[in-house]
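S.K.: Everything below, folded, please.
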Amino acid sequence: MIEIPSAAICSESLAPTVNFFSIGTNDLIQYAIAIDRVNERTAHLYEPTHPAVLRLINMVGEAARKNKLWFGICGEMAGEIEITPLLLGLGVDELSVSPTLVPRVKSAIRSLALAECRQLAQEAMQLETPAEIRDRCLQLARERYGTLLG
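M.R.: Take a look at the predicted model:
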């Protein structure tokens, strides 16, 4: 489990000693951007699309691909279908979500082409703010499966 930034940063070193990587996004996001997601005064600052978070996820993905490891995501981020194309573009092999979210996430994935997800991820890695990244993700999600977004 990759749940703290130091583990993500060291993922290249960890890769030869493990069989897979699973990123626990709830904790990784919280520790990467120093925001307590359950504190009502700071929770609004908790942002899965923060550029630092994406860079950490990308680091783990690169280490996984280089070492031919399975790479999964769990936590609330995995179930946010507006972010699904970005996660696929970053090379995630599996999204672990609660059973009630499986049909929506599955439908979203079936509506996407991997090439467009990779392009989105490349674009997102160049953007500077969480809002810009989320907006770009939402744009693609609306184009491909707007009815799922509600």
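
S.K.: Retrieve the pLDDT associated with the residue nearest the centre of the chain.
M.R.: For the chain, the residue nearest the mean C-alpha position is residue 87 (4.3 Å; C-alpha atoms, centre = their mean). Each residue has a pLDDT score; the one for residue 87 is 98.

S.K.: Apart from its neighbours in sequence, what residue is nearest it?
M.R.: residue 73 (5.9 Å; C-beta to C-beta, 6 or more residues apart in numbering). From N, CA and C alone the C-beta is placed, and that goes for glycine too.

S.K.: For burial, what's the neighbour tally of that neighbour?
M.R.: 26 (other C-beta atoms under 10 Å).

S.K.: Can you tell me how far it is from residue 100?
M.R.: 17 Å (C-beta to C-beta, to the nearest Å).

S.K.: how many neighbours does residue 142 have?
M.R.: Count around residue 142 with other C-beta under 10 Å applied: 13.

S.K.: I figured it hits residue 149, correct?
M.R.: Yes - under the criterion of C-beta atoms under 8 Å, residue 142 makes contact with residue 149 at 6.6 Å.

S.K.: List the contacts of the helix ranked longest in the chain.
M.R.: Criterion DSSP state H: the longest helix present in the chain is helix 130-149. Helix 130-149 is contacted by residues 47-51, 54, 81-86, 104, 107-108, 111-112, 116-117, 120, 123-124, 127 when judged by C-beta atoms under 8 Å, 6 or more residues apart in numbering.

S.K.: for stretch 100-120, same thing?
M.R.: 78-79, 81, 84-86, 88-89, 95, 97, 136-137, 140-141, 144-145, 148.

S.K.: could you redo the last one with a cut-off of 10 Å?
M.R.: Around stretch 100-120, the neighbours that count as contacts under C-beta atoms under 10 Å, 6 or more residues apart in numbering are 76, 78-92, 95-98, 133, 136-137, 139-141, 143-150.
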